[in-house]
Structure formats: C-alpha cells, structure tokens
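Student: here are the coordinates; sequence isn't available:
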Ligand code: P6P
C-alpha cells in the first residue's frame, strides 16, 4: 500500500494498526476504508462547488430548522451509501436526520454504530471557506437484534474511534482509534490519503482564542470576564491572545490543534431565557473531545468533561470549551467564578 516515494497511505496505516491489535477482526479497517472513499467523493464535489449548481439550498429543513444545502445532502447521502454496505454497522446517526438510520435488509448487520456531522460549517460553502465532516464510532453493547436508541446514546468515553475530514487548502483526514492522533493529507493526483502529521499533540497552552464575539451580549458575566481577560495585555502570559474564528468547528479546531489555543461556543441566551449551547453533543462535541484528549488536550462544557456527559437525546446540544489543557482549565476557573 506504500505509494512509492510518497510515504504511508491511510490504508496501510489502518492495516498496521490492525496487525498490532490481536483482537482486531478487520471490521474496523473496512469501516474506515469506506469513510476514506466517501471523503474523496465529498472532497471532489466541494472543490467544484463554485462551478456546478451543487451548493445552494435543497428547500428542505433539518431537525434544527436549518436550511439543508445541496452539499449537506450530498455529503449525508454519500456517507450513508458507503457505510451501509460495509456489513459492519447496526445503525447510523446523522446530524441531518432526526432519527436513527437502520441498515437496509439486503445488507449484513455488524457491531458498530456510526455517528456523523456530514458537512460541518456548510454555510461557509458559498464563500469558499473550509468545511468538514465529523465522525464518531461506537461498538454496540447489547446485540444482536434491532438497535435501540439507548444503545446510541453513549458517553464519549465509550467511543472506539473518532475524527474529522477538513476540506480546506488541502483535504485532510485526522482520526484516532484511542492510541494517538494521526493526520493524512489527500494527494490530489494520486487520490490517496498519505500520512503527513504523525502523532499530533496540542501545545499545553496557546495564544489563540476562537469564539463568535457577536454573541458577547448574550453570554453570562463569567464568560465575558474570561474573554476580556484573554484580550488584556500581560506579556508574561502571552496575552492579549490572537482572535481567530472561521465559523466552521472543524477548521477552528484543527488550527488550534496544530498551534495551541482554545475554541469556545459558550452557552448563550440569544433565543431563549435559559442559556444553552449550540453545538451537538453526539455529532460535534463528543468526537472532537475524543480527538483532543488523545492529542493531550481537554474539552469541557464549562463545568463537566465533555466525554463524561450522558446524552439524553440524539440531538442534545452543549456549550463547548476545547483545546489546550491549560487554556480550558483557565476558562473553567473563570466560569466557576474563581
Ligand atoms: P456561529 C457550523 O454551523 C457550526 O455548527 C460549527 O461548525 C461552528 O463552529 C458554529 O456552528 C458556528 O456558529 O453561530 O458562530 O455561526
């Protein structure tokens, strides 16, 4: 699988991991290989979005009442079509679908559950800004037989793999199966994801903060004090931090993973009296929290570790503070009023 002179492909990396894990049956390798194929198909469509009528709206709304864009739908369908026939899944859950997606009867059913945000940040498509796919893989606990929703509502600590694809200046796949985080860059002419970022580790503290400051007036006081603190000059602690906000979680997350820093989507009461988060626990926060912790970082809802949060429903939302561990810990101290 080594492309001559180009380094290790993701397929070889998967097979090497499989060889190193005596319990591995190859089911997992099959799953991720299909994900890789879907990522290549989605990347191809995104890279020509400006040339054909594939971005823009379908006219439908998703479970959050958000307009579904054609590339959202294309990404969702491409991932579902590739994953259902692997024979390794018993259920799929997508941010774009209100309910669990069961495996059509013509396909064998497996032990894994695949959760995804097919196209994160899709509102950025029309302005040619990077977007992503986020995925999370769980192993079912009480098979065989029809999957119940309870089986899917698992804490993040129970994931067996998680990761994302970022469709940016290059297309990268970043994932972990629990032992470290590795990044693979799609070689455009080869059509192969090649290992480009081995054993990614986030710096303990960064100098970048990512938050939509347009929501400042909707935050609780401790959040405002924390963000004001990051902007207050203190050369000894590297403040003021630089503000960087793309508006796509995958892209803001990936930059902070590479350089250090903190991404936040605080609870806000923009459209309700009770402050609440925007990001989805199962499809965004939990998989990204699994990746960041395996890269030495931290992820919290401001009080609780994201991976410890018990989901109550498929589309739960949470506030999110994620990135360098010292930055996340400092944010939590401010939110505790210390
Ligand atoms: P806002 C994209 O819609 C998304 O779910 C995340 O990818 C991103 O971090 C966030 O919402 C951006 O939200 O309210 O700042 O536009």
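Tutor: Received it, and whenever you're ready, just let me know what you need. What you see is a predicted model; the values in this text were computed from it and never measured. Residues are numbered from 1 along each chain as shown.

Student: CA only for contacts and neighbour counts going forward, please
Tutor: Will do.

Student: what does the lengthiest helix in the chain rub up against?
Tutor: Determined from DSSP state H, the single longest helix within the chain is helix 27-46. Residues from elsewhere that reach helix 27-46 (CA atoms under 8 Å, 6 or more residues apart in numbering): 11, 14-15, 18, 54, 71, 74-75, 78-79, 82-83, 86, 88, 125, 165, 167, 171, 191, 193.

Student: ChimeraX command to pick out the buried ones of the residues you listed?
Tutor: Only the buried entries of the contacts of helix 27-46 go into this ChimeraX selection, using 16 or more other CA atoms under 10 Å:
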select :11,14,15,18,54,71,74,75,78,79,82,83,86,88,125,165,167,171,193
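
Student: rewinding a little: following the longest helix of the chain, which helix or strand shows up next?
Tutor: strand 57-61 (DSSP states H and E).

Student: does any bit of that next one sit next to the ligand?
Tutor: No. Applying CA under 6 Å from any ligand atom, one finds strand 57-61 out of contact with the ligand, separated by at least 13.8 Å.

Student: can you list the residues of the stretch 51-200 of the chain near the ligand?
Tutor: Residues of the stretch 51-200 of the chain lying near the ligand (CA under 6 Å from any ligand atom): 120-121.

Student: what about the helices in the stretch 51-200 of the chain?
Tutor: 70-84, 149-152 (DSSP state H, counting those that start in this stretch).

Student: need these in JSON lines (columns: mean pLDDT and distance to residue 243).
Tutor: Converted to JSON lines, the helices of the stretch 51-200 of the chain look like this (pLDDT from 0 to 100; distance: least, CA to CA, whole Å):
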{"stretch": "helix 70-84", "mean pLDDT": "92", "distance to residue 243": "28"}
{"stretch": "helix 149-152", "mean pLDDT": "92", "distance to residue 243": "36"}
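
Student: pretty sure residue 113 sits against residue 137.
Tutor: Yes. At 5.7 Å, residue 113 counts as touching residue 137 under the criterion of CA atoms under 8 Å.

Student: got a list of what residue 256 touches?
Tutor: Counting by CA under 8 Å, 6+ apart, residue 256 makes contact with 202, 206, 208, 262-263, 323-324.

Student: once you drop chain neighbours, what's closest to residue 241?
Tutor: residue 207 (4.7 Å; CA to CA, 6 or more residues apart in numbering).

Student: show me what contacts the one you found?
Tutor: Contacts of residue 207 by CA under 8 Å, 6+ apart are 238-242, 260-261.

Student: ok, residue 143 next?
Tutor: So residue 143 contacts residue 111 (CA under 8 Å, 6+ apart).

Student: so who does the residue lying closest to residue 69 once chain neighbours are set aside touch?
Tutor: Nearest non-adjacent residue to residue 69, counting by CA to CA, 6+ apart: residue 57, 4.1 Å away. By CA under 8 Å, 6+ apart, the residues touching residue 57 are 67-70.

Student: just these now: which is nearest residue 215?
Tutor: Set against residue 215, the nearest of these by CA to CA is residue 67 (21.3 Å).

Student: isn't the closest one up against residue 122?
Tutor: No. Taking contacts as CA under 8 Å, residue 67 lies outside contact range of residue 122: 10.1 Å.

Student: give me the more crowded residue out of the two.
Tutor: residue 122 (23 against 16; other CA atoms under 10 Å).

Student: chain center to the lowest-mean-pLDDT helix or strand in the chain: distance?
Tutor: Scoring the helices and strands of the chain by mean pLDDT, DSSP states H and E places strand 67-69 at the bottom, with a mean of 72. The chain centre lies 19 Å from the centre of strand 67-69; the measure is CA atoms, centre = their mean, to the nearest Å.

Student: what does stretch 275-289 give?
Tutor: 9 Å.

Student: same deal with stretch 325-338?
Tutor: 23 Å.

Student: again with stretch 10-25
Tutor: 23 Å.

Student: what's that stretch in contact with?
Tutor: Contacts of stretch 10-25 (CA under 8 Å, 6+ apart): 1-2, 26, 29, 33, 184, 192-195.
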